[in-house]
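Novice: Need coordinates for the following:
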Amino acid sequence: DLKPSPTSYSQIPNPVTLETPQLFPREEIMEAIEKLKLLTAWDLEPVLSEAELGEALANYAIADSQALAPVNEEWSPTYNLNAAAAHAWMIKAARAAATVEIDPPLSGIVTSKVFENCRSMARIFAAKGTGNVSIR
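Specialist: From the prediction side, this is the model:
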C-alpha cells in the first residue's frame, strides 16, 4: 500500500463541487489558462488569443477558499472555469457568425455549422454552473 509523499503532491479542491479535496501530483496540476485552452480548443478556428483567454479568466475571478476577494493581496487565484469557457466559446461563435459560406471553397466546412457548434459548447459550459479552479 503506497502512500504519496506530502512533498510530491498538492491538495486542491475538487473543481466541480469544492467539497472533497483530491490529491494530484504537482506536475499534473495545470494553471487555469492551460485548462481553459484545453476546454476551448483555443488554437482551432475560430482561434482565441492568450490575451482573450486571460481576459475571460479575469472576468470570472471569484473569492478563494478563504473567502478572499480577487482584490485582496492575499487572494489565491480562483476562477469559475466553466463560466470563462462559456464566455470564450461565445467569442468563437461571434467570429463564426461573421461568415456563412463554405470556407475554404470546396472544403465542405460550412461556417454556419461551426457557429452552431461553438454555441453548443457555450451552452454546455454555462449549464455546468460553478466549476472553480484554485491555483496556488
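Novice: and the closest residue to residue 92 other than its chain neighbours, what is it in contact with?
Specialist: In space, and not counting its chain neighbours, residue 92 is closest to residue 118: 4.3 Å by C-beta to C-beta, 6 or more residues apart in numbering. Heads up, the C-betas are built off the backbone N, CA and C, glycines and all. Contact analysis of residue 118 by C-beta atoms under 8 Å, 6 or more residues apart in numbering lists 46, 89-90, 92-93, 96.
Novice: just the buried members of those?
Specialist: Buried by 16 or more other C-beta atoms under 10 Å: 46, 89-90, 92-93, 96, out of the contacts of residue 118.
Novice: Kindly indicate which of these lies nearest residue 58.
Specialist: residue 90 (15.9 Å; C-beta to C-beta).
Novice: For the one helix or strand that closest one maps to, buried residues please.
Specialist: According to DSSP states H and E, residue 90 maps onto helix 81-97. Buried residues in helix 81-97, counted by 16+ other C-beta under 10 Å: 81-93, 95-97.
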